[in-house]
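1. fold the following and give me the result.
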Amino acid sequence: MTRNSNVIESFKGLVGNKNVITNKWGKEPFITGWRYGKGEALAVVKPGTLLEMWQVLKVCVKNDVSVIMQAANTGLTGGSTPFGNDYDRPVVIINTLRITSIHLIKNAEQIIALPGSSLYDLENILKPLNKEPHSVIGSTSIGASIVGGVCNNSGGSLVHRGPAYTQYALYGRVNSEGELELINELGLNLGSSPEEILNNLENKNYSSSDFEASDKLGSDDKYAEIVRGVEEDTPSRFNADKRLLYGASGSAGKVAVFAVRLDTYPAPKKSKVFYIGSNNADVFWKIRRDILKNFKALPRLGDYLHRDCYDAAKKYSKDTFLVIEKLGTNFLPTLFEFKRTVDIVAEKFRFLPEKFSDKLMQFLSHFWPNHLPKKMEAFRNQYEHHWIIEMTDEGIQEAETYFNDFFKHNEGDFFMCSSKEGKKAMLHRYVSASAIGRYQALNNKNIGKMMSLDIAFPRNEKKWLETLPKDIDDKIELKFYYGHLFCHVFHHNYILKKGVDSKKLKEELLALYDQRNAEYPAEHNTGHEYVAKPVLTKFYKTLDPTNFFNPGVGRTSKLKNWK
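-> Okay, here's the model as predicted:
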């Protein structure tokens, strides 16, 4: 029996045969990124308990097998899958989605989340308590994990909360001697040995007296002040911000996180979505400054959508919109399993086209009537720029008074959404991220590559809407722009013209952003798409001195000991 065979048998003995995936088609959804990246893995292992996860890690360390930790695999830069096949050791994916427990602690002022738990589940657990998690929408729609958000300092849309962050975590790391060790920074006395700690945590075998007195943070307590600094020449949030690199936070999979402890927030008593339209980008610049500088209440969210992106999402993300609206995010895994099955079957029959599932779903979506509210459609026809702003409690009247006065003297208009209109507006914005992938899948024979960039502009940047030099613009077929306008974090999605060198063009674009003092990536983390800035590389090497976990992330070395 070969070493690899022995390793796989060891996994099966720990988690059961059905939770060790080694066949090509079974591994496909785990080795392929949501939108970017793919590589080979020896196996996908799905532990069902924290102790099983620890034991699987021990087998990997003993046999010199590198590990990629994965939960929902919803990242956009390929950071939770292998990338290529040029690793110097076998790669094993440990998928944590079977370990989903969430513990309410401190009278629900905080929670402890195990590695496979989702934001969607957390939101539902807290709702009856009139509480909210650190992130409410956006990633929630696609089932993203709580731990994944912390590991990537994911920013999301909430203007007053900022990136997912905590100084409380329980994680495994491989030290410089090549030994697996468990680091308990949860502020909770759970015992001494790793096995005791993990069992006690999972079984909730602890009491209020086991919590240690601590002044550590369970969230970013400075962001609301930072985002208001509209005169500052630095971005409000970005992945290489050393202020938010701590243990599991920002770790990008360089440790194995068993649990994180996070703050919760009081839910607003009421909220209202304002839908803003204008044909002048400077109008939005004025509104942003006025609100961040002068409003007593910060908006809950404020997401921008260009008309071209609005149109693309309406056409190419319609099926995803309808699935989430009608069936909820819990149905998404079933949908994606259906897509994979269809594509696998299609590959066996040459007469069926490539990306058959996308083409089938796009065809079926044509039979459903227009899913967007009439008021939104009227604004689409009238305005190039769209901004969805949600205000809560006292901020609602403050915003209504402001907008009524503002648009007496400035180009553009607004309307206040009904509850149904508000939900549709926000969902339309969030499914827009999938439009570019569908467009590329349907038209790949006639167009070039797809490129998505995640940019944080300085807080004082006036020219937030991109205007590209002609020599670069001429290489791009289509541009889809959306983002978080208050935070000055934008997502630039491009379809390149056929034959354009995407690597070279990307370097040209990033050079332009460097000249403008922008940071990238802003919230999607480096994955395998971006080169990690020195502060991130140093952090990765400190956490993972032998390069055992997620080798190659941030375009760093894939080799053992960072060779």
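
2. ok, His115 - contacts?
-> Rather than His, residue 115 is Pro. Residues near Pro115 by C-beta atoms under 8 Å, 6 or more residues apart in numbering: 53, 69, 71, 96, 99, 145, 147, 257-259. Just so you know, the C-beta spots here come from the backbone N, C-alpha and C atoms, and that holds for glycine as well.

3. out of those, which sit inside strands?
-> Among the contacts of Pro115, the residues falling in strands (DSSP state E) are 69, 257-259.

4. how many neighbours does Phe414 have?
-> Neighbour count for Phe414, taken as other C-beta atoms under 10 Å: 21.

5. now swap in Leu76 and tell me
-> Neighbourhood size, Leu76 [other C-beta under 10 Å]: 22.

6. any idea which element it lies in?
-> When elements are assigned from DSSP states H and E, Leu76 belongs to no helix and no strand.

7. how close does it sit to Asn205?
-> Distance of Leu76 to Asn205, given as C-beta to C-beta, to the nearest Å: 38 Å.

8. Arg555 now?
-> Using C-beta to C-beta, one obtains 42 Å as the distance from Arg555 to Asn205.

9. over to Ser135?
-> Taking C-beta to C-beta, one finds Ser135 at 29 Å from Asn205.

10. on that earlier part again, flag the least confident of the contacts of Pro115.
-> Lowest pLDDT among the contacts of Pro115: Ser145, with 90.

11. touching, that one and Ser118? I think so.
-> Yes. Using C-beta atoms under 8 Å, Ser145 is in contact with Ser118, at 5.6 Å.

12. find residues that contact each of the two.
-> Each of Ala72 lies in contact with both Ser145 and Ser118 under the rule C-beta under 8 Å, 6+ apart.

13. surely Asn152 touches Phe238?
-> No. Taking contacts as C-beta under 8 Å, Asn152 lies outside contact range of Phe238: 11.8 Å.

14. overlap in contacts, the two.
-> Residues touching both Asn152 and Phe238 (C-beta under 8 Å, 6+ apart): Glu523.

15. tell me which of these two has more neighbours.
-> Comparing Asn152 with Phe238 by other C-beta under 10 Å, the one with more neighbours is Asn152, at 29 against 24.

16. which non-adjacent residue is nearest the more buried one?
-> Of all residues not flanking Asn152 in the chain, Asn525 sits nearest, at 4.0 Å (C-beta to C-beta, 6 or more residues apart in numbering).

17. tell me the pLDDT at that neighbour?
-> Per the predicted model, pLDDT is 93 at Asn525.

18. make sure it is actually in contact with Asp241.
-> No. Shown here, Asn525 and Asp241 do not form a contact pair, counting by C-beta under 8 Å, at 11.9 Å.

19. and these two? Which one has more around it.
-> The neighbour count for Asn525 versus Asp241, taken as other C-beta under 10 Å, is higher for Asn525 (30 against 23).

20. make sure the more buried one is indeed in a helix.
-> No. Looking at Asn525 with DSSP: H, G, I helix; E, B strand; the rest coil, it is coil, so not inside a helix.

21. in a helix, Met376, correct?
-> Yes. Membership of Met376 in a helix is supported by three-state DSSP.

22. which neighbouring elements make contact with whichever helix or strand Leu292 is part of?
-> For Leu292, the element it lies in under DSSP H and E is helix 281-294. If contacts are counted by 3 or more C-beta pairs under 8 Å, 6 or more residues apart in numbering; DSSP states H and E, helix 281-294 sits against strand 271-278, strand 301-306, strand 385-392, helix 394-406.

23. and the ones you listed: which comes nearest Lys375?
-> strand 271-278 (7.0 Å; C-beta to C-beta).

24. specify the angle between that closest one and helix 281-294 in degrees.
-> 140 degrees (axes from the mean of the first three to the mean of the last three C-alpha atoms, to 10 degrees).

25. need the residues that contact strand 271-278.
-> 284, 287, 300, 375-376, 379, 382-393, 396, 399-400, 403, 410-417, 421-422, 425-426.

26. ranges for the helices of the stretch 451-563 of the chain?
-> 470-473, 502-515, 534-543 (DSSP state H, counting those that start in this stretch).

27. er, the stretch 301-450 of the chain actually
-> Using DSSP H, counting those that start in this stretch, helices in the stretch 301-450 of the chain cover 307-316, 318-327, 332-348, 356-365, 374-382, 394-406, 419-431, 435-443.
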